[in-house]
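Chemist: Got a predicted model here, sequence first, then my questions.
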Amino acid sequence: MNHTPGKQDDLVTRSLRSVWHPCTQMQHHETLPLIPVSHGRGAWLYDINGDRYLDAISSWWVNLFGHANPRINSALKLQLDLLEHAMLAGFTHEPVVQLSEQLAARTGHVLGHCFYASDGASAVEIALKMSFHTWRNHGKPAKREFVCLKGSYHGETIGALGVTDVPIFRDAYDSLLQHAHVVASPDARNAEPGESAADVARQAAGELEKLLQERASQIAAIIIEPLVQCASGMAMHDPVYLQEVRLLCDKYQIHMIADEIAVGCGRTGTFFACEQAAIWPDFICLSKGISGGYLPLSLVMTRDEIYQSFYDIDVRRGFLHSHSYTGNPLACRAALATLAIFEEDDVLNANRARAAQLTMALAPLASHEQVANFRHRGMIWAFDAVIDSPQAAATFSQRFFSTALEHELLLRPIGNTVYLMPPYILSDEEIAGLAARVQTVFARVMAA
Ligand SMILES: Cc1ncc(COP(=O)(O)O)c(C=O)c1O
């Protein structure tokens with residue numbers, strides 16, 4: 001690493017003086033590095049001194065096909081000369097129509113309409129509002145409560161925080177929130193000796209059913225991160241949980257909202273995570289990877305019955321929700337280029353081979369005595385560091401992050417959970433290099 005003072009320090013100082021960085025206690029930057037990025041290529045980010053970092057978490061899980069991807073770049077350049085933006089109320093355009101058609105086709109047209117926004121949390125807000133409003137349109141305004149899972153994360157706006165169960169993000173705002181019912185997580189790590197992940201999933205569904213028996217008439221929807229609860233530490237569950245929830249939602253007449261913001265777009269091995277349970281929810285929220293990590297784009301897909309319940313002469317039965325950049329043509333064009341790469345490169349199949357290779361390369365960690373719960377699904381890997389001292393545990397994440405940077409690696413553990421969510425373009429050499437770096441960093445941090 002070549003930390004020569006100069007341009008880098010200027011940019012860092014100016015940034016700290018003028019930019020309030022997200023999800024950060026800014027004072028920590030008195031000791032923690034702030035990396036001034038100048039450009040990206042493929043899986044690598046480069047700082048202004050020419051040091052590079054393998055982006056093993058896809059820049060907060062958004063980047064699928066690498067930075068400065070030539071195919072997405074050229075699609076955007078063409079779109080830029082045609083139409084940068086037009087309001088979507090009263091107007092429409094080719095990119096938003098094509099994207100909606102292609103996504104609906106990926107659900108066999110079960111979820112036939114897409115409603116657009118920009119960030120993941122906005123999609124969650126939309127799904128919650130739409131669910132409530134659907135029941136209201138059906139003459140059931142009392143259905144206004146929501147259910148979420150223990151350890152769930154659905155974003156940080158006030159409505160999304162109400163269905164989020166991560167204390168560090170929620171507690172400061174607790175008095176502002178409409179609280180959801182929090183039910184057991186099907187996290188496979190909860191298995192007792194002799195129990196399978198499917199057993200844990202069925203028990204968790206049993207707990208949900210008890211709640212629904214009592215309160216279904218007041219509950220609008222349950223919101224779930226299918227297969228992997230990412231932000232609370234990559235908690236993975238058996239697909240049978242999704243099947244059980246689908247059955248319960250039908251039986252007790254509540255909506256199932258699949259928040260696929262992190263797990264959609266091939267991240268768990270199928271395009272939608274729900275496909276692995278062979279079920280469709282009533283709403284799917286998508287964001288992050290859908291634009292290839294290029295532009296803020298989120299959307300909510302809904303079943304046609306739900307769409308139809310708003311379709312009326314009465315304006316108040318309509319879904320009167322909007323954001324200025326709803327359906328932005330540039331963002332939709334980036335999404336179309338992203339979907340085209342899935343087809344042209346047979347990405348889901350190619351990822352199976354990549355995943356097998358990386359799993360094999362990480363095998364020494366899976367059996368490491370200071371590692372618990374090594375787990376993997378699709379293009380997500382995670383393991384928990386076994387740390388005895390509470391002091392060491394409290395600083396593990398930050399120490400790992402800083403040490404990783406010294407090894408040209410961008411990895412930010414969640415607590416003591418180290419996870420990898422790389423873009424879908426790693427070469428054989430990058431896979432081997434990534435696994436080797438993770439092991440070296442882990443060994444250094446655990447020895448310190
Ligand atoms: C499952 C899930 N839902 C919602 C969100 C919120 O998305 P955004 O940060 O774009 O608002 C996230 C972000 O990490 C997420 O992982």
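Modeler: Alright, I've got the coordinates. Residues are numbered from 1 along each chain as shown.
Chemist: distance of the closest residue to Leu149 other than its chain neighbours from the ligand?
Modeler: Distances taken as Cβ to Cβ, 6 or more residues apart in numbering put Ser185 closest to Leu149, at 4.7 Å, once the chain neighbours are dropped. Using the backbone N, CA and C atoms, a C-beta is placed for each residue, glycine as well. Per Cβ to the nearest ligand atom, to the nearest Å, Ser185 is found 13 Å from the ligand.
Chemist: Can you pull the phi/psi pair for Ser185?
Modeler: Torsion angles at Ser185 (phi, psi; degrees, to the nearest 10) stand at phi -80, psi 140.
Chemist: Identify all contacting residues around the helix or strand harbouring His39.
Modeler: Secondary structure from DSSP states H and E places His39 in strand 37-41. Applying Cβ atoms under 8 Å, 6 or more residues apart in numbering, the contact partners of strand 37-41 are Leu45, Tyr46, Asp47, Ile48, Asp55, Gly66, His67, Ala68.
Chemist: residues contacting the third one?
Modeler: Listed by Cβ under 8 Å, 6+ apart, the contact partners of Asp47 are Gln8, Ile35, Pro36, Val37, Ser38, Tyr53.
Chemist: what's the nearest residue to the third one if we skip its chain neighbours?
Modeler: Using Cβ to Cβ, 6+ apart and skipping the chain neighbours, the partner closest in space to Pro36 is Leu11 (4.1 Å).
Chemist: Next one, pLDDT for that neighbour please.
Modeler: At Leu11, the pLDDT value in this model is 95.
Chemist: How about Val182?
Modeler: Note for Val182: predicted pLDDT of 98.
Chemist: tell me the centre residue of this structure?
Modeler: In the chain, the C-alpha nearest the mean C-alpha coordinate belongs to Ala262, at 1.6 Å (Cα atoms, centre = their mean).
Chemist: Give the closest residue to it in space, chain neighbours not counted.
Modeler: Spatial nearest neighbour of Ala262, chain neighbours left out: Cys230 (4.3 Å); criterion: Cβ to Cβ, 6+ apart.
Chemist: what does the model give the one you found for pLDDT?
Modeler: 98.
Chemist: Next, count neighbours for it.
Modeler: When counting by other Cβ atoms under 10 Å, one arrives at 23 neighbours for Cys230.
Chemist: Provide a list of residues in contact with it.
Modeler: Neighbouring residues of Cys230 by Cβ under 8 Å, 6+ apart: Trp61, Tyr153, Ala262, Val263, Ile380.
Chemist: Check whether Ser59 sits in a helix, strand or coil.
Modeler: Following DSSP: H, G, I helix; E, B strand; the rest coil, the label given to Ser59 is helix.
Chemist: And for it, nearest residue in space, chain neighbours not counted?
Modeler: Ser59 sits nearest to Gly293 (Cβ to Cβ, 6+ apart), 6.1 Å away.
Chemist: tell me which element the one you found falls in.
Modeler: If you go by DSSP H and E, Gly293 is not part of any helix or strand.
Chemist: phi, psi of it?
Modeler: phi 90, psi 20.
Chemist: Next, the residue lying closest to Gly264 once chain neighbours are set aside: phi, psi?
Modeler: Closest residue to Gly264 apart from its sequence neighbours, by Cβ to Cβ, 6+ apart: Leu286 at 4.9 Å. Leu286 adopts backbone torsions of phi -130, psi 150, taken as degrees, to the nearest 10.
Chemist: how close does Leu286 sit to Cys148?
Modeler: Distance of Leu286 to Cys148, given as Cβ to Cβ, to the nearest Å: 18 Å.
Chemist: Strands of the stretch 51-200 of the chain, residue ranges please.
Modeler: 52-55, 113-117, 145-149, 181-183 (DSSP state E, counting those that start in this stretch).
Chemist: Residue numbers of the protein in contact with the ligand?
Modeler: 119-121, 124, 153-155, 225, 230-231, 259, 261-262, 287 (Cβ under 6 Å from any ligand atom).
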